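Engineer: Give me a model of this one.
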Amino acid sequence: MPGPGLAAVRVSPGRGTGRPPEADRLDLALGLLAWGVHRTHEGEVRPLADRIRALASAVAASDDGRVPEGTVKISTRTQGVVPVELVAWSGERSLARVTAEIAHSAVGPVPLIKGSPSAGMLVLAGLCAVMDESELSGAEGRLALALALEGLITWYGESHRMTPARDAVRAARAHAADRLRSAGHELPPCLGDGPG
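Structural biologist: As a prediction, the model looks like this:
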């Protein structure tokens with residue numbers, strides 16, 4: 001986070017998972033949110049689901065990938081609640097930084113978090129990663145992204161929130177793929193060759 005209300009996202013190609021880069025970016029965004037839910041106090045999960053749902057709706061409704069200002073907000077000590085604006089990555093040392101990666105495992109690609117960021121920082125990083133992915137995606141990719149967010153909410157509505165983040169990501173991807181297939185859509189690259 002470069003400053004209050006400002007956020008930047010940088011996705012670097014890793015060692016390669018053999019999947020489309022869009023699939024790795026989707027899993028990173030979903031993984032950040034899943035880890036955030038995992039670490040969120042139980043009483044805060046429902047409001048968090050509402051925040052994710054609002055962002056999913058904004059992504060699905062966007063014609064150009066940008067979500068309306070104020071869709072994602074953060075509480076600051078000095079300015080109260082402010083909307084989060086994505087800015088270009090500058091590489092400068094920021095006030096807060098969250099680092100995640102997609103790792104290979106026997107069960108497929110798994111989202112991992114570096115360090116011990118708070119639940120709030122993980123959620124904010126995940127929401128910002130979703131906004132970034134929305135801006136990079138075409139209409140089909142945005143629809144898949146919104147449906148995957150819906151799947152993540154559904155997963156945590158039906159499962160224990162302490163289940164591994166990889167299970168939530170897998171379920172969210174499967175939900176999006178099933179919804180798109182049932183509507184007669186081709187799967188976009190972000191849902192290709194994934195663990196769903």
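
Engineer: any idea how far residue 101 is from residue 24?
Structural biologist: Distance of residue 24 to residue 101, given as CB to CB, to the nearest Å: 9 Å. In this view, the C-beta of every residue, glycine as well, is placed from N, C-alpha and C.

Engineer: same thing with residue 114?
Structural biologist: From residue 114 over to residue 101 (counting by CB to CB), the distance is 7 Å.

Engineer: out of residue 24 and residue 101, which sits in the more crowded spot?
Structural biologist: residue 24 (23 against 16; other CB atoms under 10 Å).

Engineer: sec struct for the more buried one, please.
Structural biologist: On the three-state scheme (DSSP: H, G, I helix; E, B strand; the rest coil), residue 24 is labelled helix.

Engineer: And for it, nearest residue in space, chain neighbours not counted?
Structural biologist: residue 102 (5.0 Å; CB to CB, 6 or more residues apart in numbering).

Engineer: Helix or strand: which one has the one you found?
Structural biologist: strand 99-103 (DSSP states H and E).

Engineer: show me what contacts the closest residue to residue 10 other than its chain neighbours?
Structural biologist: In this structure, residue 10 finds its nearest non-sequential neighbour in residue 89, 4.2 Å apart by CB to CB, 6+ apart. Neighbouring residues of residue 89 by CB atoms under 8 Å, 6 or more residues apart in numbering: 8, 9, 10.

Engineer: Next one, pLDDT for residue 84 please.
Structural biologist: What the model reports for residue 84 is a pLDDT of 84.

Engineer: Find the nearest non-adjacent residue to it, please.
Structural biologist: residue 72 (4.4 Å).

Engineer: what's the answer for residue 135, then?
Structural biologist: That would be residue 65: by CB to CB, 6+ apart, it lies 4.2 Å from residue 135.

Engineer: Distance check, that neighbour against residue 129.
Structural biologist: To residue 129, residue 65 is 13 Å away according to CB to CB.

Engineer: of these two, who's got more company?
Structural biologist: The residue with more neighbours, out of residue 65 and residue 129, is residue 129; 24 against 18, by other CB under 10 Å.

Engineer: Hmm, the more buried one is touching residue 28, no?
Structural biologist: Yes. Between residue 129 and residue 28 there is a contact under CB atoms under 8 Å: 6.0 Å.

Engineer: any common contacting residues for the two?
Structural biologist: Here residue 129 and residue 28 have residue 11 as joint contacts, going by CB under 8 Å, 6+ apart.

Engineer: Point out where this structure drops to low pLDDT.
Structural biologist: 1-4, 13-17, 76-77, 91-95, 193-196 (pLDDT under 70).

Engineer: Next, count neighbours for residue 168.
Structural biologist: Counted with other CB under 10 Å, residue 168 comes out at 26.

Engineer: quick one, what contacts it?
Structural biologist: By CB under 8 Å, 6+ apart, the contact set of residue 168 is 30, 34, 37, 152, 155, 156, 159.

Engineer: This structure: helices as residue ranges?
Structural biologist: For the chain, the helices defined by DSSP state H occupy 21-39, 45-61, 119-136, 139-158, 165-182.
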